[in-house]
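>>> What follows is a predicted protein model with its sequence.
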Amino acid sequence: MATYDLKINGKKQQVDAAPDTPVLWVLRDHLKLVGTKYGCGVAMCGACTIHLDGEAVRACQVQVSTVNGKSITTIEGLSENGDHPVQKAWLEHDVAQCGYCQPGQIMNAAALLERNPNPSDEEIAEAMNGNICRCGTYTRIKQAIKTAAATP
Amino acid sequence: MIGFSWFTRCTPASEPKIAIPSEWFDINGYIKIGDTGLVTIFSPNPEIGQNVMTSMPMVVAEELDVKWENVVVEQGALDEDAFKNPQFAGGSLSIMLGWDALRMAGAAGKRMLLEATAREWGVEISDLTASEGVITEKNGERSIGYGEIASKAVGIEVPEELELKEPKDYKLIGTYQKNVEGPKIVTGKPLFGLDFEREGMLLAMIQHPPAFGMKVKDFNQEEIKAMEGVKDAFIIDTTTDEPEWSEVNAFHNLIAIVGESTWELMKAKKALKVNWETESEPENSEMHAERLRRDIEKGNVEESRNDGEAEAAFAKAAKVIERSYSAPFMAHNTMEPMNFFAHVTENSAELIGPTQTPKALEDAASKLLGLPVENISVNMTRMGGGFGRRLYVHFGLEAAAISKKMGAPIKMIYTREDDMTQGTYRPAYLSTYKAGLDENNNLVAFSVKGVGLPEGPVFPKRFPAGAVENYSAVKLGSPTNISTGAWRAPRSHFTAGAEQSFLDEVAELAGKDPIDFRLELFDRAKNNPVGEEHDYDAERYAGVLKLVKEKSHWGTDMPGISRGVAAYFCHNSYVAQVFDIAMEAGQPKVKKVWCAVDCGIVVNREGAINIIEGGVVDGIGHAMYSELKFQNGSSVHNNFNTYQLIRHNQSPEEIEVFFVENEISPTGLGEPGLPPAGGALANALYQATGQRYYHAPFSTADQGQERIEIG
């Protein structure tokens, strides 16, 4: 067990956790930020996607001992009022069915558009391929990303 | 009846234009109205992504006659008396079974408000109309909002017979409405069972045997209990007397580890040293294949149908074709793993979590805990997928057993590995189809025999029963100790693929267009049916094929596009699909899927289109990529590194959905979109690659087929 000073969604948080605790479980169990989801624990489904210093990473593979001094953004902190262009596009296209994978999809999509503001369909598919949607909303996710990309 | 309040479950359909009420009035089990005119509608059924949480309240709101923008939706708790309807998510039945109760609830609410207003104004109800939340005098000046009169409507009795709207007068049903929980989903609000939190709650994880046919004997209990973060570890038993179908469970005895954080519990699980006992023979995939081959001839006949003399007709036929199709065991793999919250005391049990069958859970928990059902409450959280997996109540019972032992509130969660290897799988199947054509290329004989581990996939009374003079269908069972259960469109999803790709080969042998070939058969079934009643409406079945033919411009030359078609009827709805495939860099790519659907009245068009799209993707994905293999009684696959689910780049580029417009009472959509996909895909792949696909998963299974053709 050790104490870690984390910066999450712009706020300083202190947690006591074993050094090898994945940030996923620090978020969910210690900080009660449950927007970041558990789907597989082996970085194969993308449900746990967060931003670490602006980059999309799978929180199930990031140990808490490695994030000192780094800035973490979760789905809860992507925007103040749920009005990030990606979130708005998700609502416009009524993307979600069960919704469980969608925070991870949104975080991954937001990071994609940050580095590539106007991705082609192929670039979207490649970037999003690590995010499984068991309900099969892939066509809507693609449309929503294109809408968000087109937002000035 | 109340929705539970720990969530902010009051979900505006959009930002309400009306102020939050200071007082709410209970109108009936479904409706409460606030003094400002804001209306809360409780959605009775479990939400698994099929979006009944939007469509069921829409039906209530229609008959209540309120503006959708003034409605907030809350998830209802288990209370079948208050909702006057069974509450479960299965069989694509929510809207179909709820249609009357939902409309009556809305109409009753409206009636109570009208009655209250009539009394208030000293007029007859017939002097009043109600529309969009406002009651007005037909021949007068007065009007009053529902909010203003609601307090006086409470408790008013309504007559048994209530007038319901005609479909032509619908203002809400048939429109496009967004998922009421959309804003919460995209901002990561706590919604799912895995997210549930209760003060003083402990976490629990389980360990089940590594193979089917095994049972836990003992384990290194003291070592585990001594680990960091572990409060206790013990064996639980969820066996009950006279188990119901929903209590399917290969593993009644589990190791439970209780603590305060998931990561510590995961580490404790890894440190387990367990002595397992073998109770029945460990099975493997080779044994399964052998059993299917043996029992397609010798298995236990579960159901059959015979019209005419199929064998004699085959002997006389000008051309005969026979093909076999197979598919492996599959897991459900809901994105949210199994979990449940339970707080069991000496006299009561509170159960909260993702269940498709809250009543079945309550009943099973009553048996397990020895408590009367009145002392048990069940609340449904939103579910990260169901697909039939959460019809089974074992995980709710497990949480309850752990809570009882600990004397504390418990949230139990499964890892993905626990989940994928627990069982309750889609059975493995083998079906053989045979068709005989006469010299004029008419289909004169048809037979299907299909065996499953354990239950067979064949529906003897479905198409083409009734359309073929000589017809034989046999459903066979074969034994296995692998636990199986209902998987989205049970049996239909496999049979549709096998049958619809077989019919494609038959049509080709007959030199006929595949759609026209089917339409001829539907004509026969409609105008001059063979044998006893068959289990489909030939006109509606033909209807979706005609619609998809029209909308997809079937028959038009499309350079670079190879097309396949399939249609299937299951869970009371009819769906036909055309797949357009193009070869890109030597690989087949699904460019577009055209779907024609007949589900009667469409309640929420947006949600309806989404769920059909999802069924298409699901059908493609599992036909192409997914399988479970077994060795020594264990599934070889336990996570997504080896178990393939369809991903973004494998998904169709475009899906378009069309509905047959009619006024038939609505039937379901959760499942019907899936079954045609595998068959239409196989048929399009044949046109694109020259290869027929018989054995799932198409991407890796050997497609070898012993060809039997005469003539």
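Cool, the structure landed. Numbering: from 1, shown residues only, chains lettered A, B, ... in the order given.
>>> Tell me the residues of the stretch 51-200 of chain B that contact chain A?
By CB under 8 Å from any CB of the partner chain, the residues of the stretch 51-200 of chain B that approach chain A are B:51, B:178-179, B:181-183, B:185-192, B:194-195, B:197. All C-beta atoms are positioned from the backbone trio N, CA, C, and that covers glycine.
>>> Whichever of those residues end up buried, select them in ChimeraX.
Buried residues within those, by 16 or more other CB atoms under 10 Å in any protein chain shown, are selected in ChimeraX with:
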select /B:51,178,179,181,182,183,185,186,187,188,189,190,191,192,194,195
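>>> Among the residues of the stretch 51-200 of chain B next to chain A, which ones are in strands?
Counting by DSSP state E, no part of these is found in strands.
>>> Let's see which of the residues of the stretch 51-200 of chain B next to chain A end up in helices.
The helices, defined by DSSP state H, take in B:Gly182, B:Pro183, B:Ile185, B:Val186 from those.
>>> pretty sure the second one contacts A:Asp83?
By that I understand B:Pro183. No: distance between B:Pro183 and A:Asp83: 10.1 Å, which falls outside the contact criterion (CB atoms under 8 Å).
>>> Give me the helices and strands touching the one helix or strand B:Ala473 maps to, please.
According to DSSP states H and E, B:Ala473 maps onto strand B:470-477. Applying 3 or more CB pairs under 8 Å, 6 or more residues apart in numbering or on different chains; DSSP states H and E, we find strand B:470-477 packed against helix B:285-298, strand B:300-307, helix B:310-316, strand B:443-453.
>>> Just the mean pLDDT for it, thanks.
Strand B:470-477 shows a mean pLDDT of 98.
>>> Could you dump the ones in helices among the residues of the stretch 51-200 of chain B next to chain A into TSV and include pLDDT?
Converted to TSV, those look like this (pLDDT from 0 to 100):
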residue	pLDDT
B:Gly182	98
B:Pro183	97
B:Ile185	98
B:Val186	98
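>>> farthest pair in these?
Using CB to CB, the two most remote members of these are B:Pro183 and B:Ile185, lying 7.4 Å apart.
>>> Low-confidence regions, chain B specifically.
B:1-16, B:706-711 (pLDDT under 70).
>>> about what we covered before: output the ones in helices among the residues of the stretch 51-200 of chain B next to chain A in CSV; the columns should cover distance to A:Lys37.
Formatted as CSV, those follow (distance: CB to CB, whole Å):
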residue, distance to A:Lys37
B:Gly182, 17
B:Pro183, 17
B:Ile185, 11
B:Val186, 13
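>>> Now do the contacts for B:Arg518.
By CB atoms under 8 Å, 6 or more residues apart in numbering or on different chains, the contact set of B:Arg518 is B:Leu503, B:Ala507, B:Ala542, B:Leu545, B:Ala567.
>>> Work out for me the element it sits within.
Going by DSSP H and E, B:Arg518 is part of helix B:514-527.
>>> which parts of that helix are buried?
For helix B:514-527, using 16+ other CB under 10 Å, the buried residues are B:Pro514, B:Ile515, B:Phe517, B:Arg518, B:Leu519, B:Glu520, B:Leu521, B:Phe522, B:Arg524, B:Ala525.
>>> Excluding chain neighbours, what is closest to the first one?
Of all residues not flanking B:Pro514 in the chain, B:Ala507 sits nearest, at 4.4 Å (CB to CB, 6 or more residues apart in numbering or on different chains).
>>> Would you check that the one you found makes contact with B:Leu519?
No: assessed by CB under 8 Å, B:Ala507 is found out of contact with B:Leu519, at 10.9 Å.
>>> Specify which member of the contacts of B:Arg518 is nearest to B:Ile125.
B:Ala542 (45.3 Å).
>>> rewinding a little: against chain A, how distant is the residue nearest to B:Pro514?
Distance, B:Ala507 to chain A, by CB to the nearest CB, to the nearest Å: 29 Å.
>>> List the residues that contact that residue.
Counting by CB under 8 Å, 6+ apart, B:Ala507 makes contact with B:Asp513, B:Pro514, B:Phe517, B:Arg518.
>>> which residues touch B:Glu244?
B:Glu244 touches B:Ala360, B:Asp363, B:Ala364, counting by CB under 8 Å, 6+ apart.
>>> Just the ones of those residues in helices?
Short answer: the contacts of B:Glu244 in helices (DSSP H) are B:Ala360, B:Asp363, B:Ala364.
>>> Using TSV, please lay out those together with distance to B:Glu63 and neighbour count.
Shown next, in TSV, are the ones in helices among the contacts of B:Glu244 (distance: CB to CB, whole Å; neighbours: other CB atoms under 10 Å in any protein chain shown):
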residue	distance to B:Glu63	neighbour count
B:Ala360	29	21
B:Asp363	31	18
B:Ala364	34	23
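>>> Can you list the neighbours in contact with the strand holding B:Ala473?
Outside strand B:470-477, the residues touching it (CB under 8 Å, 6+ apart) are B:295-296, B:299-314, B:436, B:444-452, B:454-461, B:464-465, B:530-531.
>>> Narrow these to just the buried residues.
B:295-296, B:299, B:302, B:305, B:307-308, B:310, B:313-314, B:436, B:444-452, B:454-461, B:464-465, B:530-531.
>>> And the residue in the stretch 451-600 of chain B that chain A sits nearest to, how close does it get to B:Gly564?
For the stretch 451-600 of chain B and chain A, the shortest gap (CB to the nearest CB) falls at B:Val593, measuring 9.3 Å. Distance, B:Val593 to B:Gly564, by CB to CB, to the nearest Å: 10 Å.
>>> Repeat that for B:Val344.
Applying CB to CB, the value for B:Val344 to B:Gly564 is 53 Å.
>>> repeat for B:Tyr686
In terms of CB to CB, B:Tyr686 sits 7 Å off from B:Gly564.
>>> neighbour count winner among those two?
Per other CB atoms under 10 Å in any protein chain shown, whichever of B:Tyr686 and B:Gly564 has more neighbours is B:Gly564, with 23 against 19.
>>> Could you pull out the residues contacting both of B:Tyr686 and B:Gly564?
B:Asp504.
>>> Break chain A down into its domains, please.
Per automatic domain parsing, the structural domains of chain A span A:2-76, A:85-150.
>>> so B:Leu254 is in which element?
Judged by DSSP H and E, B:Leu254 forms part of strand B:253-259.
>>> Just the CA trace of that strand, in CSV.
Written as CSV, here are the backbone C-alpha positions of strand B:253-259 (Å, rounded to 0.1, in the frame of the first residue of the first chain):
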residue,chain,number,x,y,z
ASN,B,253,-21.0,-24.6,-5.1
LEU,B,254,-18.6,-21.6,-5.4
ILE,B,255,-15.7,-20.2,-3.5
ALA,B,256,-16.6,-16.7,-2.4
ILE,B,257,-14.0,-14.1,-1.3
VAL,B,258,-15.2,-10.9,0.4
GLY,B,259,-13.3,-7.7,0.8
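>>> so what's the single nearest residue of chain B relative to chain A up against?
Nearest residue of chain B to chain A: B:Gly188, at 2.0 Å (CB to the nearest CB). Each residue near B:Gly188 by CB under 8 Å, 6+ apart is listed here: A:Leu33, A:Val34, A:Gly35, A:Thr36, A:Thr74, A:Ile75, A:Glu76, A:Pro103.
>>> Correct me if wrong: the third one contacts A:Glu76.
Yes: A:Gly35 is within contact range of A:Glu76, at 4.8 Å (criterion: CB under 8 Å).
>>> ok, which stretches of chain A are helices?
In chain A, the helices defined using DSSP H lie at A:23-25, A:85-92, A:102-115, A:121-128, A:138-150.
>>> ranking the ones you listed by burial, who's on top?
helix A:23-25 (a mean of 27; mean count of other CB atoms under 10 Å in any protein chain shown).
>>> coming back round to it: look at A:Gly35 and A:Glu76 and report which has more neighbours.
More crowded of A:Gly35 and A:Glu76, by other CB under 10 Å: A:Gly35, with 26 against 19.
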